[in-house]
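> Coordinates for the following, if possible.
(one chain, ligands or ions: 2)
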Amino acid sequence: MPVIEVSDLAREYTNGAGSTKVLNGVSLVVHAGDMVAIMGPSGSGKSTLLSILGLLLAPTGGCYRMNGQDMLSLGRSGQSAFRRHSVGFVFQKCNLVETATVYENLEFPLIYAGVRRRDRPPRIREALARVNLLHRMDYAASLLSGGEQQRAAIARALVNHPSVVLADEPTGQLDRRNGQLIMEHLVRLAAEGETAVVIVTHDPEVAAFCHRGYVLDDGVLSEAPVAT
Ligand SMILES: Nc1ncnc2c1ncn2[C@@H]1O[C@H](COP(=O)(O)OP(=O)(O)O)[C@@H](O)[C@H]1O
Ligand SMILES: [Mg+2]
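Ligands and ions are numbered 1, 2, ... in the order given. Presented below is the predicted three-dimensional model:
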């Protein structure tokens with residue numbers, strides 16, 4: 001059963017100037033263990049698509065099933081429960097709480113997901129160990145380097161063992177070496193086979209880490225080769 005199955009997805013934005021169709025019939029299937037790149041020019045709707053996949057934004061048309069369950073008939077609270085348990089986000093800017101420690105930043109999603117206090121430390125340690133960041137556990141997030149902050153953001157996305165990790169330009173603010181390190185962590189995650197990874201990027205070097213690539217243009221998603 002696919003983790004993500006969207007068909008004929010549409011999204012319009014309406015404002016004073018009229019309405020714009022940003023997504024116009026997008027279909028995509030992603031399985032656990034898949035690592036998929038979504039490319040396309042700026043303004044083509046990549047972040048809009050990712051927000052819909054992450055249940056942060058409702059589509060104006062189409063179908064969306066996650067793990068076989070219809071997401072669009074769930075209602076707001078059902079969707080946020082699904083989001084807390086099944087989706088991990090990594091953004092271009094890592095959005096850590098800078099005054100909190102790395103440990104606390106990873107504890108927040110566990111609290112929201114209702115994980116009991118005594119079950120949290122092993123989960124947090126496991127996630128930090130995956131990105132080689134255990135030694136920074138008690139640092140304030142503001143004291144980490146850019147690369148370390150983004151690794152902490154990945155650990156935070158993984159701490160709930162989500163079905164899918166959605167990453168929007170995850171290497172956009174990093175130098176090449178730190179960007180590659182981030183991609184290697186995501187590759188390893190997908191290779192374990194439990195998690196689907198969807199990455200928005202306009203960097204061909206980032207897309208080359210992925211198994212499949214798509215281009216979003218004119219509201220339509222089409223398959224595109226990723227360089228190897
Ligand atoms: N909340 C919004 N209201 C109106 N238009 C929006 C909104 N969010 C995004 N858009 C428009 O939708 C288009 C796609 O945006 P976005 O999904 O952010 O593209 P990308 O991530 O590919 O750069 C852009 O033209 C943008 O201006
Ligand atoms: Mg964007």
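> so what's Leu181 up against?
147, 151 (C-beta atoms under 8 Å, 6 or more residues apart in numbering). Any C-beta I mention is one placed from the backbone N, CA and C, and that applies to glycine too.
> So what's the gap between the host helix or strand of it and the chain middle?
Per DSSP states H and E, Leu181 falls inside helix 176-191. Centroid separation between helix 176-191 and its chain, computed with C-alpha atoms, centre = their mean, to the nearest Å, is 14 Å.
> Next one: the residue nearest the centre of the chain from Asp218, what distance?
Ranked by distance to the mean C-alpha position of the chain (C-alpha atoms, centre = their mean), the top residue is Leu166 at 1.4 Å. Relative to Asp218, Leu166 is positioned 22 Å away (C-beta to C-beta, to the nearest Å).
> Check Thr20 too.
12 Å.
> With Ala129 instead?
For Ala129 relative to Asp218 (C-beta to C-beta), the value is 43 Å.
> cool, Ala10 as well?
13 Å.
> and if you look at Ser80?
32 Å.
> mind checking how far the host helix or strand of Val26 is from the chain centre?
Under the criterion of DSSP H and E, Val26 resides in strand 18-30. Computed by C-alpha atoms, centre = their mean, the chain-centroid distance of strand 18-30 equals 18 Å.
> got the residues of this structure near ligand 1?
13, 15, 22, 40, 42-48 (C-beta under 6 Å from any ligand atom).
> For Asp203, give me its contacts.
Contact partners of Asp203, counting by C-beta under 8 Å, 6+ apart, are 171-172, 179.
> Just put the residues you listed in CSV and tack on pLDDT and neighbour count.
Compiled in CSV, those are given as follows (pLDDT from 0 to 100; neighbours: other C-beta atoms under 10 Å):
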residue, pLDDT, neighbour count
Thr171, 93, 25
Gly172, 91, 16
Gly179, 93, 21
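> which of those lies closest to Gly75?
The shortest approach to Gly75 among those belongs to Gly172, at 33.5 Å (C-beta to C-beta).
> can I assume that closest one is in contact with Gln92?
Yes - the pair Gly172 and Gln92 qualifies as a contact (C-beta atoms under 8 Å) at a distance of 4.0 Å.
> Count the residues that sit near Thr48.
By other C-beta atoms under 10 Å, the residues close to Thr48 number 21.
> That one is in contact with Leu57, isn't it?
Yes - Thr48 sits in contact with Leu57 when judged by C-beta under 8 Å, with a separation of 6.7 Å.
> got any residues that touch both of the two?
Arg11.
> Between Ala10 and Asp218, which is the more surrounded one?
Ala10 (16 against 12).
> so what's the backbone phi/psi at that one?
Main-chain torsions, Ala10, degrees, to the nearest 10: phi -130, psi 150.
> Give the bridge partners for it, please.
Note on Ala10: beta-bridge partners by DSSP bridges are Asn24, Gly61.
> partner residues bridging the residue nearest to the centre of the chain?
Bridge pairing for Leu166 - DSSP bridges - gives Phe89, Val198.
> can you pull the pLDDT of it?
Note for Leu166: predicted pLDDT of 98.
> Could you report the distance from it to Ile124?
21 Å.
> just Phe82 next, same as before
Counting by C-beta to C-beta - Phe82 and Ile124 are separated by 22 Å.
> Who has more neighbours out of the two?
A count of neighbours by other C-beta under 10 Å puts Ile124 above the other of Phe82 and Ile124, at 23 against 18.
> Give me the nearest residue to Ser42, chain neighbours excluded.
His202 (7.4 Å; C-beta to C-beta, 6 or more residues apart in numbering).
> Alright, calling it a day.
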